[in-house]
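[1] I'll drop the sequence and a predicted model, then ask my questions.
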Amino acid sequence: MYVHLSNSALAVAITRRSSHQTYLTIRLLVDRERVAEAFRAYAYFRWVDDHLDQPAGSQTERLAFLKRQEDLVKQYEWGNFPPT
């Protein structure tokens with residue numbers, strides 16, 4: 001399972017709530033055509049970090065989660081994007 005954030009407003013809200021400094025950095029310093037991507041990237045990695053910080057789940061389950069995320073990143077690198 002993966003989280004696909006196509007809703008830019010949700011990604012902005014997650015970023016702003018989690019890190020006002022990151023929110024401002026993206027708003028002020030990221031090239032305009034990449035702002036939405038930057039917010040989605042931050043929201044995704046925030047979700048991954050929060051997932052890994054949860055006390056529930058064994059080390060095996062957490063490693064499997066990381067493997068799924070690694071596979072997802074590789075698919076993006078190869079130009080294979082999941083449907084929106």
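    Sure, I can see it. Numbers count the residues shown, from 1 in each chain.

[2] so where's the chain uncertain?
    Low-confidence segments of the chain (pLDDT under 70): 1-6, 82-84.

[3] In what element of secondary structure is Gly79 found?
    Applying DSSP states H and E as the criterion places Gly79 outside every helix and strand.

[4] which parts of stretch 37-53 are buried?
    For stretch 37-53, the neighbour count (16 or more other CB atoms under 10 Å) marks Ala38, Phe39, Arg40, Tyr42, Ala43, Tyr44, Arg46, Trp47 as buried. All C-beta spots, glycine's among them, are computed from the backbone N, C-alpha and C.

[5] need these in TSV with distance to Leu72 and secondary structure, can you?
    Listed next are these as TSV, based on distance: CB to CB, whole Å; DSSP: H, G, I helix; E, B strand; the rest coil:
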residue	distance to Leu72	secondary structure
Ala38	18	helix
Phe39	18	helix
Arg40	13	helix
Tyr42	16	helix
Ala43	15	helix
Tyr44	9	helix
Arg46	16	helix
Trp47	12	helix
